[in-house]
Structure formats: C-alpha cells, structure tokens
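>>> next input, structure requested:
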Amino acid sequence: MMIGTKLVRPAMAAAFALMAGSAWLPASIHAEEKYPSRPVEIVVPWGPGGGADQVARKAGKILEEGLKVSFPVVNVPGATGQTGLTKMLTAPADGYTISIMTGDTFSLLGSGAKLNWSLKDFVPVAIMIRQPSAFFVAENSPIKNWNDLVNEAKKRPLKVAVTGFGSPDDIHVNYFKSKGINMVSVPFAKPGERYSSILGGHADVLYEQLGDVKSFLDGKQMRPIVIFDAKRFPAFGDVPSSTELGYPISIYQFRMFIVKAGTDPQKIKVLSDALAKVAADPDYKQYLKDQYALEDSYIAFEGAQKFLETELNNMKRFAAEAGMK
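Okay, the predicted model is just below:
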C-alpha cells in the first residue's frame, strides 16, 4: 500500500530541499514573511486530559518558547478524531492551524471504513510519541489475569472501552473476537469517561496506553493484564505480552503533528525544525519516560512517511485477520 506517496511527497521533497541549517527561523522566511507571526492553533481531535491533549500541550509550551508566539490548544473530539481533523482540513493551508493525529484516526485508513479524507489531504510533520498499549481492568474486578478474562468471556460478551470504531482499540477487540474470545467494543470519545468506565462498571476492560492511565496505575485503581508487544515491558515485568500468550498482535499508539496539504514547504520546515528541538528538550524526554513511551519515539519529517507506510500495512493486516474488511 502506497500511502498517497505521489500526492504527499512533492510537499515533503520541497521541504527536504530547505533542510540546510537548523535555526528556528530560516533567513528565507524572514525575507518573505516572518512565520509564525501570530498564534498557531493546535487542534486536538480528542477531549482534554488524554494522550493527544497531553502531547499537544507539552510540545506547544516548548514551541512557544522557541518560536515566540502562542500555540493555543483547541479540543474538538468526535468520530474517532475525524471531527477535529475536519476542522483543520477546512481551515486555510497557511500553517496557522495545525493538528495532532493519533494512531486511532490514522488506522481508519486500514480498517475499511468509508472516509471523506485521505492521505493526500495532510502532511506529517513529525511523529512525537510511540507507546505500547494494553488491556486494563479495575483493581477490584473479578478478572485478575488473562485466564480469568478468557473464562469470563465464555459466559458473556465482555465490554471493552475503546476510542472509537475502526481504531487500533477496535481492531484488537475484533482480533480477539475472531480467536473465540467474546468481546464487544464500547466507544468513549472523552478520555476521562473511557478511563472511568471500568471503575464505574460501565465496561469490563479498557484498551489504553500505559502512560495515559499512569495516575490510575499509581493509585492502584486499575492494572494491566496483557501488554500488546513481542516481549514483556520492563516497567511491568509481571504482565505477560500478547505474543507470549499466543496472540502476536501489536499496534503501537503514536501521535504526530500534521498540517494541511498545500502548506508552504518553508513553513513546514520551520515547524519540523522546531519540533526537532522539542524532541531534544530534557523536559520532553522526561515526559516520554513518564508516559512509558519509547525513548526513540521521535521520528523526524524525513522518516515520517516511511513509518506511516509500515504502520498502515500492519493495521490492514490485523484488521483483515480480525475480519473487519
């Protein structure tokens, strides 16, 4: 699957040509138009408090210090991130409305869902965070481990709190359903509602990233019972990986900055350079550590396209195996 390569690469190639030097503001920008010269709005297509919101606010704060303009965050949740994406895509391609896109929204491209947008509509500027995901249960749940989950699913369908249909969350649920484990996805667009759903008995299981529910883990309110990866995650060495349980499914959550296709490549370069400085900032590195994210989460503009190609192929493969298309 070529991810809109022919349509996206011209803008990326033009920006590559401008990669010489690493100053916050290239001289060419000063000569024609200072960018940014006013606030740059960051659209977060999810509710406040979730992982997308956190990375936007953390990066935005550092961007403000470097580029000397404000980066206000606007939360526009709904439709697995598509409501916020639409807001960005209907704004001018002037670099003053940018967005976070998560793996949840991106995976819709591989789920077979009918969409009114495609890869040709946006340009990935940088991948900022990558994290493994897990199934969580409430600490007081009768489901204590993976075997308990399998046995309970033999009695009734288990409700799994997810971000939305067609998301990696939903792909995981349908993957296990295809393996004979009776599960059903229950979407919650607002992170807080999704997290609390297993605490209030509205769902049996939560699909989420470890770092996004860190406060609940630290407070002993919930715990992971399987982490989706090839091997055990060091910080949770007593929790089995999906692969060792015989289910080699693993779709890492990722969050990236994107701009509307047609944005001036010089402006994309300014943002790309600025986000590289964000990724190198000690405060941001600590943030990744606190989020149980990969230390090498950051993928620059130059490698973002290849990363997305690989991820989409994986998502499509697992979605097909789950019978979703």
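>>> center of the chain - which residue?
The C-alpha lying nearest the average C-alpha coordinate of the chain belongs to Thr102 (CA atoms, centre = their mean; 2.8 Å).
>>> identify the residues contacting it.
For Thr102, the contacting residues are Pro45, Trp46, Gly51, Ala52, Gly81, Thr163, Gln253, Phe254, Arg255, taking CB atoms under 8 Å, 6 or more residues apart in numbering as the criterion. Placement of C-beta: from N, CA and C, glycine included.
>>> ditto for Ala161
Going by CB under 8 Å, 6+ apart, the list of residues near Ala161 reads Val186, Phe188, Arg194, Tyr195, Ser197, Ile198, His202, Ala203, Val205, Leu206, Tyr207.
>>> please pull up the helix or strand immediately following the host helix or strand of it.
Element membership of Ala161 [criterion: DSSP states H and E] is strand 158-162. Where DSSP H and E defines the elements, the next helix or strand beyond strand 158-162 is helix 168-178.
>>> tell me the helices and strands packed up against that next one.
helix 103-106, strand 133-138, strand 158-162, strand 183-187, strand 205-209, helix 301-321 (3 or more CB pairs under 8 Å, 6 or more residues apart in numbering; DSSP states H and E).
>>> rebuild those as CSV, extending it with distance to Ile62.
Formatted as CSV, the entries for the helices and strands packed on helix 168-178 read as follows, by distance: least, CB to CB, whole Å:
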stretch, distance to Ile62
helix 103-106, 22
strand 133-138, 26
strand 158-162, 31
strand 183-187, 32
strand 205-209, 21
helix 301-321, 17
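>>> please enumerate the helices of the stretch 51-200 of the chain.
Listed from the start of the chain, the stretch 51-200 of the chain has helices (DSSP state H, counting those that start in this stretch) covering 51-67, 82-89, 103-106, 146-153, 168-178, 191-197.
>>> out of those, deepest packed?
When the helices of the stretch 51-200 of the chain are scored by mean count of other CB atoms under 10 Å, the highest mean neighbour count falls to helix 103-106 (a mean of 26).
>>> for that one, C-alpha coordinates in CSV please.
As requested, C-alpha coordinates have been extracted for helix 103-106 and formatted as CSV (Å, rounded to 0.1, in the frame of the first residue of the first chain):
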residue,chain,number,x,y,z
GLY,A,103,-2.9,6.2,15.5
ASP,A,104,-6.6,5.8,16.3
THR,A,105,-7.6,8.2,13.5
PHE,A,106,-4.9,7.0,11.1
